[in-house]
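A.B. asks: no sequence for this one, just the structure:
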């Protein structure tokens, strides 16, 4: 456990940031699950609509630092690939 004043402050900041990141990541996972559910049920229109909501959520999470920008890009790419693959 931290004993110095600066270490205690850093510990509090880390916990606060961890909770914020958990919330952001949970929202992103929910949006991704909505897209995947529509892809599995072959609901093309629903999947495209869900993807349109998921992409900004993922980008926002990356801009806030919850995800690395390449991780976010990979997630968006894979989701888009699955939605576009439904048409073919």
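C.D. replies: Sure, I can see it. If you're wondering where the values come from, they're calculated on a predicted model, not measured in any experiment.
A.B. asks: Nearest residue to the middle of the protein?
C.D. replies: Residue closest to the average C-alpha location in the chain (Cα atoms, centre = their mean): residue 28, at 3.2 Å.
A.B. asks: how about stretch 12-30: buried residues?
C.D. replies: Residues of stretch 12-30 classed as buried: 24, 27, 28 (neighbour count, 16 or more other Cβ atoms under 10 Å). No exception for glycine: its C-beta is placed from N, CA and C like everyone else's.
A.B. asks: For these, give me a markdown table that also has distance to residue 14, pLDDT and secondary structure.
C.D. replies: A markdown table is the format used below for the buried residues of stretch 12-30 (distance: Cβ to Cβ, whole Å; pLDDT from 0 to 100; DSSP: H, G, I helix; E, B strand; the rest coil):
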| residue | distance to residue 14 | pLDDT | secondary structure |
| --- | --- | --- | --- |
| 24 | 16 | 97 | helix |
| 27 | 21 | 97 | helix |
| 28 | 21 | 97 | helix |
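A.B. asks: so which of the residues you listed comes closest to residue 80?
C.D. replies: Residue 80 has its nearest neighbour among the buried residues of stretch 12-30 in residue 28, at 15.0 Å by Cβ to Cβ.
A.B. asks: what residues are up against the closest one?
C.D. replies: With contact taken as Cβ atoms under 8 Å, 6 or more residues apart in numbering, residue 28 is in contact with 54, 57, 58, 61, 66, 67, 75.
A.B. asks: Format those as TSV; extra columns: secondary structure and distance to residue 8.
C.D. replies: Formatted as TSV, the contacts of residue 28 follow (DSSP: H, G, I helix; E, B strand; the rest coil; distance: Cβ to Cβ, whole Å):
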residue	secondary structure	distance to residue 8
54	helix	38
57	helix	34
58	helix	34
61	helix	28
66	coil	24
67	coil	28
75	helix	35
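A.B. asks: out of the residues you listed, which one sits closest to residue 11?
C.D. replies: Closest approach between those and residue 11, by Cβ to Cβ: residue 66, at 19.7 Å.
A.B. asks: what about that closest one, neighbour count?
C.D. replies: Close neighbours of residue 66, defined as other Cβ atoms under 10 Å, add up to 20.
A.B. asks: before we move on, what about the one 4 residues further on?
C.D. replies: Residue 70 is surrounded by 9 other residues when neighbours are defined as other Cβ under 10 Å.
A.B. asks: All set now, cheers.
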